[in-house]
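# sequence plus predicted model, see below.
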Amino acid sequence: MHHFIQRVGLSMALSTLALAAQGASLQSAAESLGATRIQSIEFSGGGKWFQFGQAPAPELPWPRFDVSRYTASIHYDSASARVQLSRLQTLEPDRVRPAPIEQNLDQYVSGARAWNQAVAPAATTVTPQPAAAEERAAEIWATPQGFLKAALANQAQSRPLKDGGVEVSFKLGGKYRYVGLINARDEVEEVRTWIDNPVLGDTLVETTFSHYEERGGVRFPAHIVRTQGGHRVLDLAVSEVKVNRTAPLLAPEAAASAPAVTVTVNKLADGVFYLSGGSHHSVAIEQRDHVVLVEAPLDEARSQAVIKQVKATIPGKPIKYLINTHAHFDHSGGLRSYVAEGATIVTHQDNIAYYRAAWAGAHTLNPDRLAKSHKPARFAGFTDKHVLTDGQRRIEVHTLAGNTHNDAFALVYLPAEKILIEGDAYTPLAAGAKPPAQPNPYSVNLLDNVKKLKLDVARIAPLHGQLATLADLRAAVGQDVAGK
């Protein structure tokens, strides 16, 4: 076996030198990198992982995590893959965050179905992840061998480059466009593709490969960098490669379909309704001739369900304002639906330019209501405080000063009802859950802001979790009620 690998390596080296002189081609690259004989590949390593859509400010990169273990197991013929990684958020000297805890992720895709798995002593939990299917499928075909196999199977077009390389492009499934650069050494240097995102629309995913080495009987890059939305999402040093050892992955029955979008209405006060269901919530506030809605999370499906429920709960009144607490994608993914609805977006001034630029991008992969209506976005920006009133009910929007979760972060307060609405600063724990050893600094900051703003809070309507009281928040940060 050792002599065979030596012969293969020598043959590949001679072939590479000859091809470099005449220029690369799709077929020669596929042969050189073994794409025609590989049904599956597994590569492992460590490096950095970055949390897409969670930048603490619009102009900053995605937050960084240290990855001690990363293993991608890909079966090309069945278009299935499993990615396992262990990550720990990187400490930042100028940003206070909760104490990092190592997270172990186990992510899958098979065809159009994506899911996560968590193994507990009693059972394995399968959680459907339909929103991740596009991205995970793209990661299969944005590997060097995957790109070459897909290009050969999808009537790729080739364009020679001046440096002896070639640009190869094709469409997968008639929808997803892939463009790759193959250098004169028959190495795939770069793969670009586009996937849909509720905030960014057609989002560029760019993967670059360098320092090819002979590993596991195949030439494979030792360094992989992937960017998404203009910032890195992965920086991986590859330490091990295995070929043709991964079996096809079949989606379990539990991953077949995602739960239906549900919106549960809980009346907090006359004209104030808590719209919960799933992982993210909103609050509808009735005014004399319109409705003010707090938060548009996740995506258009969630927003459309919330809009339908608001119209049933508060009939005959349009949604005039949508208050956005911050720009993290899970809290802003549904905003475009409210622009299409005709609402004005109330958000921190620092978010407005970012939203305008993001929403100006193409939305051709999954056109939403705004892409079809072409309505211009209307904003009401603020820096410290903004007030909405109809002369009867007052709604206050305050900046969460000094909260390092996000630099353009807001809370909403209803003084007459003594209701505080916030997201991500404080998420009440489920009944019986063990509190962390150290209080969450975001929650500590929230309580500090409540004190400084002199807000008289009776109830908290968090945009994650369940309803709580100020006493619950005090307990969560280690302060008793007497400390008020």
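Thanks, I have it. Residues are numbered from 1 along each chain as shown.
# please, which helix or strand holds Val261?
Under the criterion DSSP states H and E, no helix or strand holds Val261.
# isn't it up against Asp299?
No. Contact between Val261 and Asp299 fails when scored by C-beta atoms under 8 Å: they sit 9.3 Å apart. For the C-beta atoms, the positions are set from N, CA and C on the backbone; glycine is no exception.
# neighbour count winner among the two?
For Val261 versus Asp299, neighbours defined as other C-beta atoms under 10 Å are more numerous around Asp299 (22 against 16).
# what's the distance between that one and Val387?
Relative to Val387, Asp299 is positioned 30 Å away (C-beta to C-beta, to the nearest Å).
# would you confirm that Lys175 contacts Leu365?
Yes. Contact criterion C-beta under 8 Å: Lys175 and Leu365 qualify, at 6.8 Å.
# more neighbours: which of those two?
Taking neighbours as other C-beta under 10 Å, Lys175 and Leu365 compare with Leu365 leading, 16 against 12.
# that one in helix, strand or coil?
Put simply, Leu365 is coil when judged by DSSP: H, G, I helix; E, B strand; the rest coil.
# in stretch 260-271, what's buried?
Residues of stretch 260-271 classed as buried: 261, 263, 268, 271 (neighbour count, 16 or more other C-beta atoms under 10 Å).
# nearest the middle, which residue of the chain would you pick?
Most central in the chain under C-alpha atoms, centre = their mean is Phe52, positioned 4.6 Å from the mean C-alpha point.
# low-confidence bits of the protein, can you list those?
1-23, 480-484 (pLDDT under 70).
# so which elements touch the longest strand anywhere in it?
Secondary structure of the chain per DSSP state E: the longest strand is strand 201-215. Packing contacts for strand 201-215, counted by 3 or more C-beta pairs under 8 Å, 6 or more residues apart in numbering; DSSP states H and E, involve helix 2-22, strand 188-197, strand 218-228, strand 231-243.
# name the residues that touch the second one?
Read that as strand 188-197. 29, 33, 53, 134-135, 138, 141-142, 144, 147-148, 165, 176-183, 202-210, 229, 329, 333, 363, 365-366 (C-beta atoms under 8 Å, 6 or more residues apart in numbering).
# with stretch 167-180 instead?
With C-beta under 8 Å, 6+ apart, stretch 167-180 has contacts from 26, 134, 138, 141-142, 147, 150-151, 154-159, 161, 181-182, 188, 190-195, 365.
# which parts of this structure are helices?
2-22, 26-32, 133-141, 144-153, 300-313, 329-332, 335-341, 349-359, 369-373, 441-452, 470-476 (DSSP state H).
# do you know which of the ones you listed lies nearest Arg394?
helix 441-452 (17.1 Å; C-beta to C-beta).
# helices or strands next to the closest one in the packing?
The criterion is 3+ C-beta pairs under 8 Å, 6+ apart, and the helices and strands that helix 441-452 contacts are helix 470-476.
# gap between the helix it packs on and the chain center?
How far helix 470-476 lies from its chain's middle: 30 Å, per C-alpha atoms, centre = their mean, to the nearest Å.
# and the chain, what are its domains?
2-255, 264-483 (automatic domain parsing).
# what's the separation between Arg177 and Ala151?
Distance of Arg177 to Ala151, computed by C-beta to C-beta: 12 Å.
# the more surrounded of the two?
Ala151 (27 against 13).
# quick one: the more buried one and Leu26 touch, right?
Yes. Contact criterion C-beta under 8 Å: Ala151 and Leu26 qualify, at 5.7 Å.
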